[in-house]
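**Q** predicted structure and sequence below. I'll ask about it afterward.
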Amino acid sequence: MTVTLDRATTTTPLESTARLLLAPGGVRPGRLDGAWWPRSRDLLLELPALAAELDGRWGRIIRITVNPAQWPVVPARIPVTGHTVHAGWFGIEQDEHTIALYSYAPLRLSLLVVPPGTDAVDAARLMSEAAGPANGRTASELIAAYGDAVHGEGGAADGQDGSDFLPSALTPADGPGEAGRRAAVARDRAGSWPVPA
């Protein structure tokens, strides 16, 4: 059975949920376990919703890894409901279009990350193919197969100006205090969420 989780987004990012499609039958070693379509390239804002969706069924998410080619900033720790997720990154060792999530269970999920600027129809097709039981392609192979359709009208994967993403060690383009401000916003939001029983 394929599980689709995408509820209507309300007016505040705090109330948004993850756009997620998981493969039927659970974890598949060596293959994609599903797909995630974040609304932005900001892990501090996007990860809490993803962790909340997965915590109940996969166990508490304790660690993630991403490839910094697709994420402007990779913070070391990300506050989510009731705990902190440790984040790390790998360059060539991890496909740049995946996020790996690790839980206490212990389970490891490898999800295709659909670029945020992707059209809804193309994103749905891409997510369905990634989570399909017959899929044997890597995340980069799937993204390449969809070409310009997954990069939005502006040609940038994040729907912005098309400039290259910053490695996680560099200061965000919008100023040296911006990462700290986003971290404070994420901590405030996580602090207001109910702690799961």
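**A** Received the coordinates, thanks. Numbers count the residues shown, from 1 in each chain.
**Q** the protein: helices as residue ranges?
**A** Listed in chain order, the helices of the chain (DSSP state H) span 43-58, 120-131, 139-146, 178-192.
**Q** helix 120-131 and the third one, what's the angle between them?
**A** Which is helix 139-146. For helix 139-146 against helix 120-131, the angle by axes from the mean of the first three to the mean of the last three CA atoms, to 10 degrees is 140 degrees.
**Q** what helices and strands are in contact with helix 139-146?
**A** strand 108-113, helix 120-131 (3 or more CB pairs under 8 Å, 6 or more residues apart in numbering; DSSP states H and E). (Each C-beta comes from the backbone N, C-alpha and C, glycine too.)
**Q** so what touches it?
**A** Here helix 139-146 makes contact (CB atoms under 8 Å, 6 or more residues apart in numbering) with 32, 95-98, 112-113, 115, 122, 125-126, 129-130, 135, 137, 150.
**Q** out of those residues, which is nearest to residue 47?
**A** Within the contacts of helix 139-146, the smallest distance to residue 47 is 11.5 Å, found for residue 113 (CB to CB).
**Q** what's the neighbour count on the closest one?
**A** The burial count assigned to residue 113 is 24, neighbours taken as other CB atoms under 10 Å.
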